[in-house]
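A.B. asks: quick check, what structure comes out for this input:
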Amino acid sequence: MDKPSKLRWGILGAARVNERLMPAIVEASNSELIAIASRRPGAAAATLAKYAPHEQGVRTYDQPEALLADAEVEAVYLPMANHEHAEWAVRAIRAGKHVLCEKPMALTVADIEAIEAAAREHGVTVMEGFMYRFHPQHARVLEIVRSGAIGDVRYARASYSFMMRPARRYRLEHDVWHGGGAMWDIGPYAVHSLRLCFEQDPIAVAAMAKYVESGADVATSGMIEFGDGRRGHFDISFECARRSEYEITGTLGGVKCHAAWQNPGDVPVISWWTEDGRQCVEQLPVANHFRLEIEHFADCVLNGKPPLLSLDDAKMNCRTIVAALASAASGESVKLAG
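C.D. replies: The predicted structure follows:
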């Protein structure tokens, strides 16, 4: 019997990410959008009309449970509120659905372990949704680093921010221990890209934060220790102009990714230099990292391949974020447990 050529998707939520996500599923070569659900009456239908107006036959539900009961939905994208990810990921898995979960996958490592156990029991694929990681520019950055052109990596910096608009203040409703604030919203990108720079696990974190009345952070900065004096600095904020860049410095030079958050029509730029005088600015081909992420996940499901981003990767990212939050709260450096 021939394998199916397309993975049938449902979306669990009418979140803003649908502006990029929904067209990506529609455009993906191996995927088909067949359903979207939201608990807000009419929100699923409105989101579909706004972001995929020409798609016919897509079912809309006013209850997420109804989408999970839809036997034709094979995989779900989960963009609910941060504190809901773990619960709804497990519910989707128990309904037999593959799950691509918007970052952060969960707020505790224990919750990710529960997701992992459920996925193993039900034989489904689960991945954390870091769309940026699928853009070819990051493969080029790693190619330069691994070539030895910049020597041994000693330091990296990751800066992610945007000015908080009134319509986005829902991100500050909960304190940091319940998924609110910048560290759970854009911090996962900073931590993940720093881990990519060093290609190894961190061992300690020291951080400082600015909080609002709810207990959510609006800005957090810190240092992640990777051993032998190798450190990555991160700064994330809802109070700075838009940035999504990281830079790696080695013993012989450095390389910079100027924009990790790429819109579909953006021309990506990376630059690198060496102490012997080489200076290079590279423009890479335009790419839609949301579509590439969707196609990768669908390929993994349809052809039985392991995802690029494992659940061990998700656990380490979560562990590092929790350590950063604990450090900011205590004023002391926090070591990461194994």
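
A.B. asks: closest to the centroid, which residue in this structure?
C.D. replies: Closest residue to the average C-alpha location of the chain: F130 at 2.7 Å, with Cα atoms, centre = their mean.

A.B. asks: what residues are up against it?
C.D. replies: K103, P188, Y189, H192, E293, L309 (Cβ atoms under 8 Å, 6 or more residues apart in numbering). For the C-beta atoms, the positions are set from N, CA and C on the backbone; glycine is no exception.

A.B. asks: look up how far G229 lies from the last one.
C.D. replies: Distance of L309 to G229, computed by Cβ to Cβ, to the nearest Å: 28 Å.

A.B. asks: related to what we said a few turns ago, show me which of the contacts of F130 are buried.
C.D. replies: K103, P188, Y189, H192, E293, L309 (16 or more other Cβ atoms under 10 Å).

A.B. asks: pick out the most distant pair among these.
C.D. replies: P188 and E293 (14.6 Å; Cβ to Cβ).

A.B. asks: after the helix or strand harbouring I115, which helix or strand is next?
C.D. replies: Here I115 sits within helix 109-122, counting by DSSP states H and E. Downstream of helix 109-122, the next assigned helix or strand under DSSP H and E is strand 126-129.

A.B. asks: identify the residue nearest Q200 in space, chain neighbours excluded?
C.D. replies: F226 (6.0 Å; Cβ to Cβ, 6 or more residues apart in numbering).

A.B. asks: so the one you found makes contact with I203?
C.D. replies: Yes. The pair F226 / I203 is scored as a contact, 6.7 Å apart, by Cβ atoms under 8 Å.

A.B. asks: and those two? which has more neighbours close in?
C.D. replies: More neighbours surround F226 than the other of F226 and I203, with 22 against 16 (other Cβ atoms under 10 Å).

A.B. asks: and A106, which of the three is it?
C.D. replies: coil (DSSP: H, G, I helix; E, B strand; the rest coil).

A.B. asks: coming back round to it: tell me which residues are up against the helix holding I115.
C.D. replies: 86, 89-90, 93-94, 96, 99, 105-106, 125-126, 311, 314-315, 318-319, 322.
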